[in-house]
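Asker: here you go, sequence then predicted model.
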Amino acid sequence: MNMNSIQIKGKLYDDETRCEHYHSYLDIVAIKFYCCNEYYPCITCHKETAGHEVHVWPDDKFNEKAVACGKCKTEMTIHDYLSSDSQCPYCKAKFNEGCKLHRHLYFQAENN
């Protein structure tokens, strides 16, 4: 699926990046996977359709644009996303707060 110029892969449910695994009103984030430079709505979509193992984003790459808001279609850096307080920093759409529990599946722990 194309979000403006961003192509989202996986088992999509709608055009706001919801997928068959996560499709609540708040599930509107897609993540560009470090291993393939492709956007997927969730790690399960990646595992089921990408054909390769997941590699997490290293913390020294957190200034890369690698997260997309399904509502406004804006790409943001990993730093922007991780500090977003569960909402898009651009359109203020709410994100699923439960995603914080899965951050380690996508992003290396930040060195603070």
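Answerer: Structure's in. What do you need?
Asker: so the most centrally placed residue in the chain, which of the three states?
Answerer: By Cα atoms, centre = their mean, the chain has its centre lying nearest to I31, at 2.4 Å. At I31, secondary structure determined by DSSP: H, G, I helix; E, B strand; the rest coil is strand.
Asker: pretty sure it sits against Y106.
Answerer: Yes. I31 lies in contact with Y106 (Cβ atoms under 8 Å); the separation is 5.3 Å. (Glycine included, C-beta is placed from N, CA and C.)
Asker: beta-bridge partners for the residue nearest to the centre of the chain, please?
Answerer: Y40, V67 (DSSP bridges).
Asker: got the contact list for it?
Answerer: For I31, the contact set (Cβ atoms under 8 Å, 6 or more residues apart in numbering) comprises 39-42, 66-68, 106.
Asker: from these, pick the one nearest Q87.
Answerer: Nearest to Q87 out of the contacts of I31 is V67 (Cβ to Cβ; 12.5 Å).
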